[in-house]
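A.B. asks: need a structure here:
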Amino acid sequence: MRLGLQPHVPQPAASRVPACSLTRPSLQPHASQPAAPRVPACSPTCPSLQPHVPPGELFDLVVDWPDSLPALDDLTECLRHTREHSRLVAQLRAQVSQRLLKPGADTSNIIQVYVCTIRALRHVDPSGVLLEAVSEPMRAYLKVRS
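C.D. replies: Numbers count the residues shown, from 1 in each chain. You can find the predicted model right below:
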């Protein structure tokens, strides 16, 4: 599923194949793939992150890394102006729980999304604070999964 302005349509976690791959030799999108559309730029006067990144697309931004780098750049800028880091964490944690951490999801897919999460959130927040908060449920789920 590509990042776009269409409404979010949930997909079963087991059928979702992340764009981020451990075997991808290059961090650049393939030439045959169109670049991901940018999320509308956030202005200093915007009251909320909500109009700029629909809640259902936060998970897609992470999973589509590195194709979503332009949108992640805009998200970084929005967070700088809105200071809604806690809302981003809450929404992304909820989406990870709803769309990924299911008994039917392959462990390899969960690990691939975890790697994409690390890369995407390190891009948005180099300090790693967002990464720690968002990735904790994934780490805990992988620890108890057999």
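A.B. asks: for residue 66, helix, strand, or coil?
C.D. replies: coil (DSSP: H, G, I helix; E, B strand; the rest coil).
A.B. asks: any idea how far residue 101 is from it?
C.D. replies: Taking Cβ to Cβ, to the nearest Å as the measure, residue 66 falls 23 Å from residue 101. Placement of C-beta: from N, CA and C, glycine included.
A.B. asks: repeat for residue 141
C.D. replies: 5 Å.
A.B. asks: who touches both of these two?
C.D. replies: Listed contacts common to residue 141 and residue 101 are residue 110; contacts here mean Cβ atoms under 8 Å, 6 or more residues apart in numbering.
A.B. asks: give me the mean pLDDT for stretch 56-63.
C.D. replies: The average pLDDT within stretch 56-63 is 88.
A.B. asks: report the longest helix in this structure, please.
C.D. replies: Secondary structure of the chain per DSSP state H: the longest helix is helix 107-124.
A.B. asks: kindly export it (C-alpha atoms) in PDB.
C.D. replies: Output of helix 107-124 as PDB, limited to C-alpha atoms (Å, rounded to 0.1, in the frame of the first residue of the first chain):
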ATOM      1  CA  THR A 107       7.900 -13.500  13.100                       C
ATOM      2  CA  SER A 108      10.000 -12.500  10.100                       C
ATOM      3  CA  ASN A 109       7.500  -9.800   9.200                       C
ATOM      4  CA  ILE A 110       7.500  -8.500  12.700                       C
ATOM      5  CA  ILE A 111      11.200  -8.300  12.700                       C
ATOM      6  CA  GLN A 112      11.300  -6.500   9.300                       C
ATOM      7  CA  VAL A 113       8.800  -3.900  10.600                       C
ATOM      8  CA  TYR A 114      10.900  -3.500  13.700                       C
ATOM      9  CA  VAL A 115      13.900  -2.800  11.600                       C
ATOM     10  CA  CYS A 116      11.900  -0.300   9.500                       C
ATOM     11  CA  THR A 117      10.700   1.300  12.700                       C
ATOM     12  CA  ILE A 118      14.200   1.700  14.000                       C
ATOM     13  CA  ARG A 119      15.400   3.300  10.700                       C
ATOM     14  CA  ALA A 120      12.300   5.600  10.300                       C
ATOM     15  CA  LEU A 121      12.100   6.800  13.800                       C
ATOM     16  CA  ARG A 122      15.900   7.400  14.000                       C
ATOM     17  CA  HIS A 123      15.400   9.600  10.900                       C
ATOM     18  CA  VAL A 124      12.500  11.500  12.600                       C
END
